[in-house]
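Any chance you could fold what I've pasted below:
(2 chains)
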There are 2 protein chains.
Amino acid sequence: MSATATRYAFDADTRTEKTGEGEFTAAVTGRWNAVTGNANGGYLAALALNPLAQLLEFPDPLVASAFYLRPGAPGEACVRTEVVREGRRTATGESRVFQDGREAVRAVATFGDLGAAAGRTLELGAPPDLPAPDECVDPLEGIPMPGLTLLDQVEYRTREIPGSLRGEPSGDPAYEFWMRFRDGRDADTAALVFLVDAAAPAVMEAGEVSSATMELTVHVRARPAPGWLACRAATRHIAGGFHEEDMEIWDSAGTLVAQSRQFAVLL
Amino acid sequence: MSATATRYAFDADTRTEKTGEGEFTAAVTGRWNAVTGNANGGYLAALALNPLAQLLEFPDPLVASAFYLRPGAPGEACVRTEVVREGRRTATGESRVFQDGREAVRAVATFGDLGAAAGRTLELGAPPDLPAPDECVDPLEGIPMPGLTLLDQVEYRTREIPGSLRGEPSGDPAYEFWMRFRDGRDADTAALVFLVDAAAPAVMEAGEVSSATMELTVHVRARPAPGWLACRAATRHIAGGFHEEDMEIWDSAGTLVAQSRQFAVLL
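Just a heads-up that it's a prediction; the model follows:
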């Protein structure tokens, strides 16, 4: 076990240890709780991918899809994995996270080596046009968020206090912000799987209180440069209570490092 | 077996029959081949979901993720399924498609009942602003596409002939078009899982010849009204050869009926 794994909360809390053929044990901690009091979905997805990173021959999750079956709670978890396919350039695995014998999360992921990705690059998007982090505000300063322990792990900077936090949702479920781990850990491709789900749902700006993720797909596009991450979250289509939430994460060098889309239901 | 299943190519060719506990047999046909000569990924995803629609208590796929492990080819397939979770409002299953004993596709999907979706609706997007189909052109008329048998099943209408088909790619991998089955079958939620992948990759407008889908996530948002479907495909981020492709399908009544995102690699 590396020193990193003990130093930072994310590494300590997503760590899994092999206990048998394809079986791992993990401890879901209470340090990543969403407003519901349940473990954040991105945290559980990152935990689910941890054993696959150990089993597969490639360092970076390229694409992962996680289905949320039951809420995750602090406590022991058993992770059952399967190596689905091992290729020359990518490998795919499946991971199922059980708590108390019941499956909470099922994830499938394809890993590869982004350091060896030598194909064409054509970027038609642009990072969020945000002032520098130290010219922004901490949107949560002075606002108590009991139970939302995730906020002890991640900090944010925004242009101004979002309307939903002032009791005046803008009506447009879209926002841009900076994000980073509070404990100084820089993001890597494993952490991006968590970070795409580490902000308040955009639908709060449409006046909604909360939303439950049914499925999360994340595309990891590059290894992030150190420092703050510039993020863009948006929901464009709410229908019958179901909605998507899209997220982009750009690193401090202006490179898109992750994209995600969730399928969620309003609570 | 319903009359529908014999009348239309899509129903006949995605049909699966139970052969044992959670096991189904299917015939991948050569009528849905992409330019590569392999079976189209959306077709394989729809085929993978067919047994789940039989097993689960809900009629509509709400969200599905398919990982493509090996090319699909015309011939027999064995589909192994698992009911992952059955809830009051949704149910989740997994489906694995094998050919010659090797897994070609692994899909996880959550089904529900879109007819019972009574929550809030807020549409902030808009359908493509296309002229009526009969004021558009058939972009493929007179252009031989040998081996691309999919084009015998699906037809398209565009504002003008796309640049990539005139040997002059626009440089902007995005386009809008109409689409429908040639044999008169109207789209339903099962067919949308195929149709989100039934058009040429947007990256052709960036001068690329082809792209291989590694993963496809589809969100099915509503049951489509009969008639032509208005579609919008776009790729914004190509990095090291990897790219996303987003697709929206709007029905003839102007309702968003499906969204998809692929993770793909340039060939």
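
Write out the residues of the stretch 101-250 of chain A neighbouring chain B.
Within the stretch 101-250 of chain A, the residues that sit near chain B (Cβ under 8 Å from any Cβ of the partner chain) are A:103, A:106, A:108, A:110, A:114, A:117-125, A:172-173, A:206, A:208, A:214-215, A:217, A:219, A:221-222, A:235-242, A:244. All C-beta spots, glycine's among them, are computed from the backbone N, C-alpha and C.

Could you rerun that using 6 Å?
When proximity is defined by Cβ under 6 Å from any Cβ of the partner chain, the stretch 101-250 of chain A lies next to chain B at A:108, A:110, A:117, A:119-122, A:124-125, A:206, A:214-215, A:217, A:219, A:221-222, A:236-241, A:244.

residue in the stretch 1-150 of chain A nearest to chain B?
Nearest residue of the stretch 1-150 of chain A to chain B (Cβ to the nearest Cβ) works out as residue A:119 at 1.8 Å.

Excluding chain neighbours, what is closest to that residue?
Spatial nearest neighbour of residue A:119, excluding adjacent residues (Cβ to Cβ, 6 or more residues apart in numbering or on different chains): residue B:241 at 1.8 Å.

what number of residues lie near the one you found?
By the criterion of other Cβ atoms under 10 Å in any protein chain shown, residue B:241 has 16 neighbours.

contacting residues for it?
For residue B:241, the contacting residues are A:117, A:119, A:120, B:265, B:266, by Cβ atoms under 6 Å, 6 or more residues apart in numbering or on different chains.

Buried subset of the residues you listed as a PyMOL selection?
Selection of buried members from the contacts of residue B:241 for PyMOL, criterion 16 or more other Cβ atoms under 10 Å in any protein chain shown:
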select buried, (chain A and resi 117) or (chain B and resi 265+266)
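
Reformat the contacts of residue B:241 as TSV; add secondary structure and pLDDT.
Shown next, in TSV, are the contacts of residue B:241 (DSSP: H, G, I helix; E, B strand; the rest coil; pLDDT from 0 to 100):
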residue	secondary structure	pLDDT
A:117	coil	94
A:119	coil	96
A:120	coil	97
B:265	strand	97
B:266	strand	97
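
related to what we said a few turns ago, would you mind confirming that the residue of the stretch 1-150 of chain A closest to chain B makes contact with residue B:240?
Yes. Using Cβ atoms under 6 Å, residue A:119 makes contact with residue B:240 at a distance of 5.2 Å.

can you pull out the helices in the stretch 151-267 of chain A?
Assignment of helices within the stretch 151-267 of chain A using DSSP state H, counting those that start in this stretch yields the ranges A:189-195.

confidence score at the residue of it found nearest chain B?
For the stretch 151-267 of chain A and chain B, the shortest gap (Cβ to the nearest Cβ) falls at residue A:241, measuring 1.8 Å. With respect to pLDDT, residue A:241 has a value of 98.

which residues pair with the closest residue in space to residue A:221 that isn't next to it in sequence across the strands?
In space, residue A:221 comes closest to residue B:239 once its chain neighbours are excluded; the distance is 4.9 Å by Cβ to Cβ, 6+ apart. Judged by DSSP bridges, the bridge partners of residue B:239 are residue B:242.

what's the burial count for residue B:239?
Residue B:239 has 20 neighbouring residues, counting by other Cβ under 10 Å.

For chain A, give the helix that spans the most residues.
For chain A, the helix with the greatest residue count under DSSP state H is helix A:41-55.

Show the average pLDDT along that one.
Mean predicted lDDT for helix A:41-55 stands at 98.

tell me what that helix is packed against?
If contacts are counted by 3 or more Cβ pairs under 6 Å, 6 or more residues apart in numbering or on different chains; DSSP states H and E, helix A:41-55 sits against helix A:9-14, strand A:60-68, strand A:75-86, strand A:91-99, strand A:102-112, helix A:189-195, strand A:211-220.

which other residues reach it?
Outside helix A:41-55, the residues touching it (Cβ under 6 Å, 6+ apart) are A:14, A:16, A:24, A:26, A:32, A:61, A:66, A:68, A:72, A:79, A:81, A:83, A:93, A:95, A:97, A:105, A:107, A:109, A:193-194, A:196-198, A:213, A:216.

What subset of those is buried?
Buried members of the contacts of helix A:41-55, counted by 16+ other Cβ under 10 Å: A:14, A:16, A:24, A:26, A:32, A:61, A:66, A:68, A:72, A:79, A:81, A:93, A:95, A:97, A:105, A:107, A:109, A:193-194, A:196-198, A:213, A:216.

what residues are up against the residue nearest the centre of chain A?
The residue lying closest to the centre of chain A (Cα atoms, centre = their mean) is residue A:194, at 2.2 Å. Residues in contact with residue A:194 (Cβ under 6 Å, 6+ apart) are A:42, A:43, A:46.

Ok, residue A:249 next?
Contact partners of residue A:249, counting by Cβ under 6 Å, 6+ apart, are A:229, A:231, A:257, A:258.

Let's see that with 8 Å instead.
A:179, A:187, A:192, A:195-196, A:224, A:229-231, A:256-259 (Cβ atoms under 8 Å, 6 or more residues apart in numbering or on different chains).

Give me the buried entries from the residues you listed.
Buried members of the contacts of residue A:249, counted by 16+ other Cβ under 10 Å: A:179, A:187, A:192, A:195-196, A:224, A:229-231, A:256-259.

Of these, which belong to strands?
Judged by DSSP state E, the buried ones among the contacts of residue A:249 include A:179, A:229, A:230, A:231, A:256, A:257, A:258, A:259 as members of strands.

Might one say that residue A:136 is in contact with residue A:161?
No. Assessed by Cβ atoms under 8 Å, residue A:136 is found out of contact with residue A:161, at 10.4 Å.

Between the two, which contacts overlap?
Counting by Cβ under 8 Å, 6+ apart, nothing touches both residue A:136 and residue A:161.

one step back: nearest to residue A:132, out of the buried ones among the contacts of residue A:249: which one, please.
Set against residue A:132, the nearest of the buried ones among the contacts of residue A:249 by Cβ to Cβ is residue A:230 (10.4 Å).

Dig out what the closest one forms beta bridges with.
Listed by DSSP bridges, the beta-bridge partners for residue A:230 are residue A:178, residue A:250.

so the residue of the stretch 1-150 of chain A closest to chain B touches residue B:267, yeah?
No. If you go by Cβ under 8 Å, residue A:119 and residue B:267 don't touch, sitting 9.6 Å apart.

so where's chain A uncertain?
Of all residues in chain A, those with pLDDT under 70 make up the ranges A:1-6.

one more time with 50, if that's ok
For chain A, residues meeting the criterion pLDDT under 50 lie at A:1-4.

Can you tell me the number of residues neighbouring the closest residue in space to residue A:180 that isn't next to it in sequence?
Closest residue in space to residue A:180, ignoring its immediate chain neighbours: residue A:228 at 5.1 Å, by Cβ to Cβ, 6+ apart. Residue A:228: 23 surrounding residues under other Cβ under 10 Å.

And the one 5 residues further on, by the same measure?
When neighbours are counted by other Cβ under 10 Å, residue A:233 registers 24.

That one and residue A:162: what is the separation?
Distance from residue A:233 to residue A:162, counting by Cβ to Cβ, to the nearest Å: 11 Å.

any residues in contact with both of these two?
The contact sets of residue A:233 and residue A:162 overlap at residue A:175 (Cβ under 8 Å, 6+ apart).

Ramachandran coordinates for residue A:150?
Residue A:150 adopts backbone torsions of phi -50, psi -30, taken as degrees, to the nearest 10.

Many thanks, we can stop here.
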